[in-house]
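>>> Make a model of this:
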Amino acid sequence: MSCPYPLVVKMKVKVSQKLDNLQSLISQLKEASKDIGAIAIFIGTVRGTSGGEKVLRLEYDAHEVLAPKVLERTLKDVEKKYRIIDAIAEHRTGKVKVGEDVMCVLVASKHREEVFQAVIELVDRVKNETPIWKKEITEKEAHWVERST
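A predicted model of the protein is given here:
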């Protein structure tokens, strides 16, 4: 008996100074299967304030070898848990200005319920488990930001 949901075909992760074009990522997901009925997208963007202070920029650093491996493992875990069809997770490194995108997570599945659940878990796990570190540069100071829980 075959599984009613296809296995992830193209799961893609990327940690670099530039995110891929969003429309291109959506197209890549749609190519994974004709059974896709829902795609959910999360885009993390740099806010202009933090703790009442004006943010000038964020600076991200990542473990070049481990970060992509952790992202791949996370996508596989979420694929199994929610039986999604495909997923993409990308995160920037380097200096990122206010208003610029930092992270994008896209999930494709047959139905909307599993894509919403999967996106929430993926975003939380990317922020908390992936060896990517964030330095916040404000008008008053520069400091490394601890991971959120």
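
>>> Double-check Gln117 against Tyr82; I have them as touching.
Yes: contact criterion CB atoms under 8 Å: Gln117 and Tyr82 qualify, at 5.6 Å. Glycine gets a C-beta too; all of them are placed from N, C-alpha and C.

>>> out of those two, which sits in the more crowded spot?
Legend: neighbour count by other CB atoms under 10 Å for Gln117 and Tyr82, higher for Tyr82 (20 against 17).

>>> pLDDT at that one, what is it?
pLDDT, Tyr82: 95.

>>> For the chain, which segments are assigned as strands?
Counting by DSSP state E, one finds strands in the chain at the ranges 12-16, 38-45, 49-50, 53-62, 86-92, 94-97, 101-109, 132-138, 142-145.

>>> Let me know which of these is the nearest to Arg73.
Between Arg73 and the strands of the chain, the shortest gap by CB to CB is with strand 12-16, which sits at 9.6 Å.

>>> Could you single out the most deeply buried of the strands of the chain?
Among the strands of the chain, strand 86-92 has the highest mean neighbour count (mean count of other CB atoms under 10 Å), at a mean of 25.

>>> re earlier: export the strands of the chain as JSON lines, with columns for mean pLDDT.
Formatted as JSON lines, those follow (pLDDT from 0 to 100):
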{"stretch": "strand 12-16", "mean pLDDT": "96"}
{"stretch": "strand 38-45", "mean pLDDT": "98"}
{"stretch": "strand 49-50", "mean pLDDT": "94"}
{"stretch": "strand 53-62", "mean pLDDT": "97"}
{"stretch": "strand 86-92", "mean pLDDT": "97"}
{"stretch": "strand 94-97", "mean pLDDT": "98"}
{"stretch": "strand 101-109", "mean pLDDT": "97"}
{"stretch": "strand 132-138", "mean pLDDT": "97"}
{"stretch": "strand 142-145", "mean pLDDT": "94"}
